Every structure is written in C-alpha cells, then in structure tokens.
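Q: I would like to see how this sequence folds:
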Amino acid sequence: LHTWMVEPEYRGHSLLLMRPALRLSDHTVNDFTPTAAVRRLSQRLGFKELDSALRVLLPCRDTAGRTAVEFLSQADSIPCHLTDADRKLFEDHQMPHMGHLLCSVGAEQCYLIYSRVTRWRLPYCHLHYISHPSVFAAHSVTIRRQIQQIEQTRLVVGNERQIGNLDLPRSFCFRFTNGQLYRSTTTAPRQIDSLYSDVAHLNLTTVNALSDAVKERLGWN
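A: Now for the predicted structure:
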C-alpha cells in the first residue's frame, strides 16, 4: 500500500477501499510510508509496526583481498546465472534507479538488488534484496566496496530487520521512526524485504538525518 486518496465528501466511506487488501488472508500486506492518520487507522485494522531501522555499512578497507569474489553487474550477463525465482525479481526491477549485482565465491552465489538514493546530502545505495545473507556477511567488505565503486557512493545501507543479526564490520544501526506497518499471518518481520514497495519502485526515502549520523560516526565536519 502506498497511496490512499479520497475526496472529502466521500471520506465517510473510505474504508471500503481497504476491503480488498484486508481480504488477502494468504498475503503479506505492507505500508512503508503511511501518514500518521492512516497509521492509527491501519493499526485498528490489524496492522502491526515493522522495524524500519537501517544497517549502515561504512567505507572499509578490504584487508583480506578481493580476488576471491567475482562480480557480474551487466544486465545482459546476470539473468542466465539466476534461479527462476531470482530471475523473476530481476525482470520486475528493471528501472533506471535500480542496480543489480551477482557475487560469486567458488560455487556459492549472492544476488543483490539495490536502489540509488540521491535526494539527501549524502547519496547512498539501499539494499532491498540479498539472496544469500551468509555469503554476503562473509564478504561484505569486498561487496560493499564493489557497489561503492560502481555507483560512486561511499555508503551502502540495508534493512536492519533482515541483516541486523549478521556480523558486518564497520557498520551501525540507524534508528528512525516513519511508522512502517505490515499485516500477515504467515510472514515474520525479518522476512519482509522492500522490493515490491514504493520505497524501491518510486525510489523514496524518508531518512533525512542519515548524513548527520554518518558524519558523526566518521568524525566528518
């Protein structure tokens, strides 16, 4: 869910627009950008709060070397190496602001989908999907450096609820409140990524203090 617009004279019946979503008992329904009024109403309809914190991956020197990881970032090269499920994700996220990176370490692979966020004073890449978190954790320094070089940015961030339990050097949790919500009987919060959301597709960000938090961590003026 990302837009709920009702003309004033019909707002007494606006809940009718929510009925189709509420009937999706076998789906997970997310709302990553609710207004305060919609948030209060949605919580009465069974929506729960979703952790919206980010894990910020700071610039880091790759002391272990980079030869162990091979990368593919070209759109015409990646699909043939993906599973059917990941190929579907690749096809659904072909937008100018979205990036794709396939990381290979021997027989293991990790496929990443991210967006390039440039609205604030400190541009960054937001990871929306990590196919194999264990591979990402083992080589996070090398992978983040590759993304930084491709996109010419110094920061990579991911959803804390998905990667907060990984051992990622030179990273910190950036907590902010924008009232993300979800409604599900089958999906745990840690399983909810941001791929099929307005945050990814419309390239949104509600993080207007990230640059200050990063500069404080790095001791920048």
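Q: So what pairs up with the closest residue to residue 81 other than its chain neighbours in the strands?
A: Leaving out its chain neighbours, the residue that sits closest to residue 81 by CB to CB, 6 or more residues apart in numbering is residue 102, at 5.9 Å. Where C-beta positions appear, they are placed from N, C-alpha and C, glycine not excepted. Taking DSSP bridges as the rule, residue 102 bridges to residue 72, residue 111.
Q: Could you tell me which residues make contact with residue 102?
A: 71-73, 77-78, 81-82, 109-112 (CB atoms under 8 Å, 6 or more residues apart in numbering).
Q: among those, which ones are buried?
A: Using 16 or more other CB atoms under 10 Å as the burial test, the contacts of residue 102 include 71-73, 78, 82, 109-112 as buried.
Q: Make JSON lines out of the residues you listed and add pLDDT and distance to residue 180.
A: Below are these laid out as JSON lines (pLDDT from 0 to 100; distance: CB to CB, whole Å):
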{"residue": "71", "pLDDT": "96", "distance to residue 180": "31"}
{"residue": "72", "pLDDT": "94", "distance to residue 180": "32"}
{"residue": "73", "pLDDT": "92", "distance to residue 180": "29"}
{"residue": "78", "pLDDT": "96", "distance to residue 180": "29"}
{"residue": "82", "pLDDT": "96", "distance to residue 180": "28"}
{"residue": "109", "pLDDT": "96", "distance to residue 180": "29"}
{"residue": "110", "pLDDT": "97", "distance to residue 180": "25"}
{"residue": "111", "pLDDT": "98", "distance to residue 180": "24"}
{"residue": "112", "pLDDT": "97", "distance to residue 180": "21"}
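Q: Tell me where this structure is predicted with low confidence.
A: 62-67, 119-121, 205-209, 211, 215, 218-221 (pLDDT under 70).
Q: Tell me who's in contact with the most centrally placed residue in the chain.
A: Centroid check for the chain by CA atoms, centre = their mean gives residue 128 as the closest residue, at 3.0 Å. Going by CB under 8 Å, 6+ apart, residue 128 touches 113-115, 159, 193-195, 199-200.
Q: Likewise for residue 146?
A: 66, 69, 71, 73, 101, 103 are the contacts of residue 146 under CB under 8 Å, 6+ apart.
Q: for those, which one is nearest residue 3?
A: Closest approach between those and residue 3, by CB to CB: residue 101, at 30.3 Å.
Q: give the contact list for that closest one.
A: Counted by CB under 8 Å, 6+ apart, residue 101 has contacts 71-73, 111-112, 114, 143, 146-147, 150.
Q: run the last query once more with 10 Å
A: Contact analysis of residue 101 by CB atoms under 10 Å, 6 or more residues apart in numbering lists 71-73, 78, 110-114, 125, 127, 143, 146-147, 150-151.
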